[in-house]
Structures are given as structure tokens and as C-alpha cells.
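Novice: Sequence and predicted structure below; questions after.
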Amino acid sequence: MRLDKFVAQSLQLPRSAARTLITKGRVTVDGQVCKKADTALSGSETVVAEGKALTCQQFVYIMLNKPKGVVSASTDRRDRTVVDLLEGAYPRRELFPAGRLDKTSTGFVLLTDDGAFAHAILSPRRHVPKTYRVELDTPVTPAMVTAFAQGVTLADGQAMKPADLIPDPENPLAATVVLHQGVYHQIKRMFGVLDAGVNELHRQAIGGLALDPALAPGQWRPITEEELARLAPGGQNA
Ligand code: URA
């Protein structure tokens, strides 16, 4: 990658501002001042700008605990979006939610600017499971568990893939649901066919990565590389 692009991405600056830093001699490559913006980096160099050692992340991956009332979109004319919750922390990135939660649902939303990764974790072929906690307006029954395991057919005739419904032994109205596909309002529609209403819906995990319990509703943090691999093994190369 070119030095000016690397500095711009790492410091979240416009390319022109990165070039100014470089030409003013404020950037070193392996300890030497480098004033040539088009210097090609192999990736193994140590680049220091403004006294900071830089790492260049090609893409950004964020774990967010979505509160109720916030929409899973990048922009919206009426409502606050999950991207608004980042409060401009990544001004030069075009972040979007990889998979949606309804406005009334809460929990794990992954924000990224890596389109291929988002596509991979959402693709039905990859079977990246999504785990939810639900609370219903009626007790969970063995018949519901069987229906989920066999694959519920929605009111419009769409046949859903088998899903796991695991009743909560402590609360007859609550359960864990594991989906292997993502259809609009899927859980609410599946329970709707079984005459149950969903009062609470919270996404707990995507693949093997659980929502960090330290994140209060509305809070977020970057996902580490090791977590990313747990989320969807091989996901970045899919
Ligand atoms: N299924 C739903 O019905 N809503 C969600 O937000 C997620 C899954």
C-alpha cells in the first residue's frame, strides 16, 4: 500500500492531509524520515506519524449492543440508527450493519465496512448461526419446539429452515432460538404462525461470538481479530 493511503487510513485523515504530514517530514518509515507520499509499503515496516506508531486496518468491525428504538440502518430520516450510536468515531468509513434487528429488538449488531465479510456471514450457504433470547406472551410448548425443529412455514407460504428452540427451564415464557438464515421479521413471524406473540427479542451471539456482557445498551467496541475468527471461521476469505 502507498504511504499516504496508509497514513490517511490509520489516522482517519483525508489523503491530502496525510500527504501534507509526509511532505513536512512528520512521518518516519523504519526510523527514517520519509517525505515521498507514493512510497510503497510491504506491510512489514514500522511507520510513525505524529509520534504514534500506526497500524493500518483495512476494514473496521464493531460489536454494538443495540437498544430499543434504534433502527438497523446507516442513515434514516426519522429515527436514530446504529451508525449514529458511533457518534462519528469513524468519520472516513462507510459503516453499515451486517444483518438487521427490528427497531424493537435489542442486542448484538455487527457494524463493518467490509462488504465481502458481511455477505459471507449473512449468506445462507455459510450457515453462520444467530442466537436470540425471546420472551413470549404465552408459554413455550413442546409442539413449538417440534415445529421449529421441522421448519415452520410462514403465513405467506415461505418454508423456513429448521431452527433450534430451547425452552428456559426457569421461565416458561422464555427461550433461546438459533436461526441459520435471516428472513425479515423471521422469529416474530415463526411464532406468529404458532399463535404466540414475541414481547422481547435480544440477539445474544453471531456464530461463535457472544455479545460482550460489559456493553450496556447503546455501547460498542471494536471486535478483535481473534473474535472475528470465532464469529465466522474463514469468513474474511469467503
Ligand atoms: N427475527 C425477528 O423477528 N426480529 C429480529 O429483530 C430478528 C429476528
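Specialist: That came through fine. This one's a predicted model, so the numbers in the text were calculated from it and none came from an experiment. Residues are numbered from 1 along each chain as shown.
Novice: Test my guess that residue 117 contacts residue 111.
Specialist: No: counting by CB atoms under 8 Å, residue 117 sits too far from residue 111 to count as a contact (11.4 Å). Heads up, the C-betas are built off the backbone N, CA and C, glycines and all.
Novice: Overlap in contacts, those two.
Specialist: The contact sets of residue 117 and residue 111 overlap at 61, 98 (CB atoms under 8 Å, 6 or more residues apart in numbering).
Novice: higher neighbour count, these two?
Specialist: residue 111 (26 against 21; other CB atoms under 10 Å).
Novice: Show me which residues of the chain sit near the ligand.
Specialist: Contact residues (CB under 6 Å from any ligand atom) of the chain with the ligand: 101-102, 105, 185-188, 201.
Novice: By mean pLDDT, point me to the weakest helix or strand of the chain.
Specialist: Ranked by mean pLDDT, DSSP states H and E, the weakest helix or strand in the chain is strand 52-53, scoring a mean of 84.
Novice: and that one, which strands flank it?
Specialist: strand 47-49 (antiparallel) (DSSP bridges).
Novice: per-domain residue ranges of the chain.
Specialist: 3-53, 61-124+211-231, 130-206 (automatic domain parsing).
Novice: weakest of the ones you listed by average pLDDT?
Specialist: Lowest mean pLDDT within the domains of the chain: domain 3-53, a mean of 91.
Novice: Might you report the residue contacts of residue 217?
Specialist: 65-68, 106.
Novice: If any of the residues you listed are buried, give me the PyMOL selection for them.
Specialist: Those of the contacts of residue 217 that count as buried under 16 or more other CB atoms under 10 Å are selected in PyMOL with:
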select buried, resi 65+66+67+106
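Novice: Turn the contacts of residue 217 into JSON lines, columns for secondary structure and distance to residue 197.
Specialist: Listed next are those as JSON lines, based on DSSP: H, G, I helix; E, B strand; the rest coil; distance: CB to CB, whole Å:
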{"residue": "65", "secondary structure": "strand", "distance to residue 197": "24"}
{"residue": "66", "secondary structure": "strand", "distance to residue 197": "21"}
{"residue": "67", "secondary structure": "coil", "distance to residue 197": "21"}
{"residue": "68", "secondary structure": "coil", "distance to residue 197": "16"}
{"residue": "106", "secondary structure": "strand", "distance to residue 197": "17"}
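Novice: which SS class is residue 146?
Specialist: Reducing the assignment at residue 146 to three states with DSSP: H, G, I helix; E, B strand; the rest coil gives helix.
Novice: ok, now how distant is it from residue 156?
Specialist: Distance of residue 146 to residue 156, given as CB to CB, to the nearest Å: 22 Å.
Novice: what do you get for residue 169?
Specialist: For residue 169, the distance to residue 156 - CB to CB - is 34 Å.
Novice: Then residue 104?
Specialist: 21 Å.
Novice: Name the residue in those two with the higher neighbour count.
Specialist: Between residue 104 and residue 156, counted using other CB under 10 Å, residue 104 has the larger neighbour count: 12 against 6.
Novice: Which residue, other than its chain neighbours, is closest to the more buried one?
Specialist: Using CB to CB, 6 or more residues apart in numbering and skipping the chain neighbours, the partner closest in space to residue 104 is residue 68 (5.7 Å).
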